[in-house]
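**Student:** Starting from these lines, generate the structure:
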Amino acid sequence: MVTKPLDGNHGSGVNIGLATEDEVRWGFEQAREHSRSVIVEQHFVGSDHRILVIGGKVVALAERVPAHVVGDGRSSVAELVEQTNRDARRGEGHSSVLTRIEIDECVEHFLSKSQLTLSSVPAPGSNGAPATHR
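**Tutor:** Model (predicted):
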């Protein structure tokens, strides 16, 4: 399932891949922090595209790629986030080309679903299975 605020923006309060009743309740509460109304939908795996239509014509299209880091086999998830955030194109909010990755309850929740923590060291090329835990 997916939970998201009805009138949110930039993905704030959106949680995907919620598989249990407890996870859906948790996602609902996360979304409620951003809107009085929450949408609960079935999750379809695939690419996320944002399309801007003006006057019945498509004027812009973008593929949304969720924030992520790629393991190097040496750095913890927290260190990889710090390294990724050093990119000069990253900034606060959505005024920059890329948004800084913020470690929050949602990030920690999805790390734990993957059996990771901020101190886990993902295998090289991986954004999933840990090589080690610190």
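**Student:** Around the nearest residue to Gly91 once chain neighbours are set aside, how many other residues sit close by?
**Tutor:** Among residues not flanking Gly91 along the chain, Arg100 sits closest, at 6.4 Å (Cβ to Cβ, 6 or more residues apart in numbering). Heads up, the C-betas are built off the backbone N, CA and C, glycines and all. Using other Cβ atoms under 10 Å, Arg100 has 15 neighbouring residues.
**Student:** any idea how far Arg100 is from Glu92?
**Tutor:** Using Cβ to Cβ, to the nearest Å, Arg100 is found at 6 Å from Glu92.
**Student:** Could you do Val69 as well?
**Tutor:** On the measure of Cβ to Cβ, Val69 and Glu92 end up 19 Å apart.
**Student:** which one of these two has more residues nearby?
**Tutor:** Set Val69 next to Glu92 and count neighbours by other Cβ under 10 Å: Val69 wins out with 20 against 9.
**Student:** For that one, identify the helix or strand it belongs to.
**Tutor:** Of the helices and strands defined by DSSP states H and E, none includes Val69.
**Student:** Residues touching the helix ranked longest in the chain, excluding its own?
**Tutor:** Ranked by residue count under DSSP state H, the longest helix found in the chain is helix 21-32. Helix 21-32 is contacted from outside by 1-5, 8, 13-15, 18, 38-40, 105-106, 109, using Cβ atoms under 8 Å, 6 or more residues apart in numbering.
**Student:** Report the buried members of the residues you listed.
**Tutor:** Among the contacts of helix 21-32, those scoring as buried are Met1, Val2, Thr3, Lys4, Pro5, Gly8, Gly13, Val14, Asn15, Leu18, Val38, Cys106 (criterion: 16 or more other Cβ atoms under 10 Å).
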